[in-house]
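S.K.: below are the sequence and a predicted model; questions follow.
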Amino acid sequence: MASITHGGTIATGAQPADVYNLIDTATVSGIVNADCAAGMALVDTKLATISTAGKVTGAAITSLTGVPSGAGALPTANLPTEHWIAGSVVQVVNTITGAVATGSTAMQFIDTIPPKTEGDEYMTLAITPKSATNKLVIDVVANVGCSNGGQVTAALFQDTTTNSLAVADMWCVSGNTINIKFTHYMVAGTTSATTFKVRMGTSNGGTLTFNGSGGGRKYGGVMASSITITEIVA
């Protein structure tokens, strides 16, 4: 029998093995779907990893419950916010400190919004909202002592904005400590990092002691002040 080559003619009398050898050694192209039998049962070991974008659509993916635990997790950043349930908590950030600080810049007890030039800054906390339409609940707790009797005011500011967002006050008897708490609720308005700040001062300009009294710490540092920001889906 004559030799068989790719593109050649199979001689009369060729055996099945000669045909198989020709197919095994040939460079085959032009095979279309119709050329493949429905029961060909091509095993997945014959397939290369599918890594080309667009080769697999979402509609083709089923049985997600069978995804192995080691396959990795879908990043939170890739989840659309519209799939979050309204009213659910997206994130909570917090700062808490028992450190002592003092200041004497007055904050007036009058009918105007306190500006950032009044009082002294004692706490800050940054958050990067997940959605600009989400709500932020900002809880402030401040422990402070005063050297002179007067109205002590705590005010919340955002970034470089001049006017405060929210204010709470309490009368402080000279030499005593007070605990000021308030909550501010607002639309996030951004998905960039934003910093909230707490400033405090007295109406008479006396010295304040943050987390203490008379310039010193009380209760070993566990009388702590804090800011907690909770982001909630709108």
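M.R.: That came through fine.
S.K.: tell me where this protein is predicted with low confidence.
M.R.: Along the chain, the model assigns pLDDT under 70 to residues 1-12, 14-30, 76-83.
S.K.: can you map out the strands along it?
M.R.: 89-97, 101-103, 120-127, 135-146, 150-158, 166-172, 177-187, 194-202, 208-210, 212-213, 216-217, 225-232 (DSSP state E).
S.K.: could you dump the ones you listed to CSV with mean neighbour count?
M.R.: (C-beta placed from N, C-alpha, C; glycine too.) Output for the strands of the chain, formatted as CSV (neighbours: other CB atoms under 10 Å):
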stretch, mean neighbour count
strand 89-97, 14
strand 101-103, 18
strand 120-127, 17
strand 135-146, 21
strand 150-158, 23
strand 166-172, 18
strand 177-187, 15
strand 194-202, 23
strand 208-210, 24
strand 212-213, 21
strand 216-217, 14
strand 225-232, 20
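S.K.: could you dump those into TSV with distance to A71 added?
M.R.: Listed next are the strands of the chain as TSV, based on distance: least, CB to CB, whole Å:
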stretch	distance to A71
strand 89-97	25
strand 101-103	49
strand 120-127	31
strand 135-146	34
strand 150-158	41
strand 166-172	46
strand 177-187	37
strand 194-202	35
strand 208-210	49
strand 212-213	53
strand 216-217	51
strand 225-232	29
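S.K.: which one of these lies closest to G54?
M.R.: strand 89-97 (31.4 Å; CB to CB).
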